[in-house]
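**Student:** A structural model of the following input is requested.
(one chain, ligands or ions: 1)
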Amino acid sequence: MEHNPYRDDVVISWAELHRDTRRLCHELMAKGPFKGIIAIARGGLIPAALVARELEIRLIDTICAASYESSDDDSAQTQRKEVRILKGIEHDGEGYLLIDDLVDTGNTARVIRQLLPKAYFVTLYAKPMGRQVVDLCVKEFSQDKWVYFPWDIDYQFVPPIKKRLKAEQQG
Ligand SMILES: O=P(O)(O)OC[C@H]1O[C@H](OP(=O)(O)OP(=O)(O)O)[C@H](O)[C@@H]1O
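**Tutor:** Numbering: from 1, shown residues only. Below you'll find the predicted structure:
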């Protein structure tokens, strides 16, 4: 079985994501103006839409990448494959804001940084292995945290702690 580097989860709510994106926008006001936004799909799409609203940017493009593939056990912590660019951009990114939700190992960001060397590259969240590849992020998490975004999760009923402990003791 492949080594799993993730020891802990970070669960980001919609409200937290929105608040963090607005914090990013306040910092971006001092960096622009930008000609447009390039969202790294899919994770960058929702942050890019929120940033576009706050900075009043209406020119929005995408670069489409795929870097993870499903693991055999259906876990969200899927196994890494090579980064593939499914749709590129026909310029070097000068004057553009490049947005993704997360830089983790930095594999995706490194490939895209080479394609768009002049873009201003931001993510909401970053882990140490990828932090240097982007220009700005809002929060940093340690490498062993797995970040769940609001679109990855669902609200569901959780039994009271007393019942859960009892069930654990019996089982
Ligand atoms: O730094 P890395 O280790 O490359 O990981 C970060 C990348 O992984 C996620 O995308 P993912 O490949 O899961 O695709 P998705 O956004 O389409 O779900 C995320 O949106 C980043 O693009």
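
**Student:** which residue does the chain have closest to the ligand?
**Tutor:** When scored by C-beta to the nearest ligand atom, the chain has residue 43 as its residue closest to the ligand, at 2.4 Å. For glycine as for every other residue, the C-beta is placed from the backbone atoms N, C-alpha and C.

**Student:** around the ligand, which positions in the chain sit nearby?
**Tutor:** 40, 42-43, 67-68, 100-109, 130 (C-beta under 6 Å from any ligand atom).

**Student:** from these, which ones fall inside helices?
**Tutor:** Within the residues of the chain next to the ligand, residues falling in helices by DSSP state H are 107-109, 130.

**Student:** quick revisit: and the residue nearest to the residue of the chain closest to the ligand when sequence neighbours are not counted, how many neighbours?
**Tutor:** Distance criterion C-beta to C-beta, 6 or more residues apart in numbering; nearest residue to residue 43, sequence neighbours excluded, is residue 101 at 3.7 Å. Neighbourhood size, residue 101 [other C-beta atoms under 10 Å]: 23.

**Student:** list the contacts for residue 112?
**Tutor:** By C-beta atoms under 8 Å, 6 or more residues apart in numbering, residue 112 lies in contact with 40, 63, 65, 85, 98, 100, 121.

**Student:** outside of the strand or helix carrying the last one itself, list whatever touches it.
**Tutor:** When secondary structure is defined by DSSP states H and E, residue 121 falls within strand 120-126. For strand 120-126, the surrounding residues in contact (C-beta under 8 Å, 6+ apart) are 12, 17, 20-21, 24, 28, 31, 34, 44, 47, 96-103, 109, 112-113, 133-141, 147.
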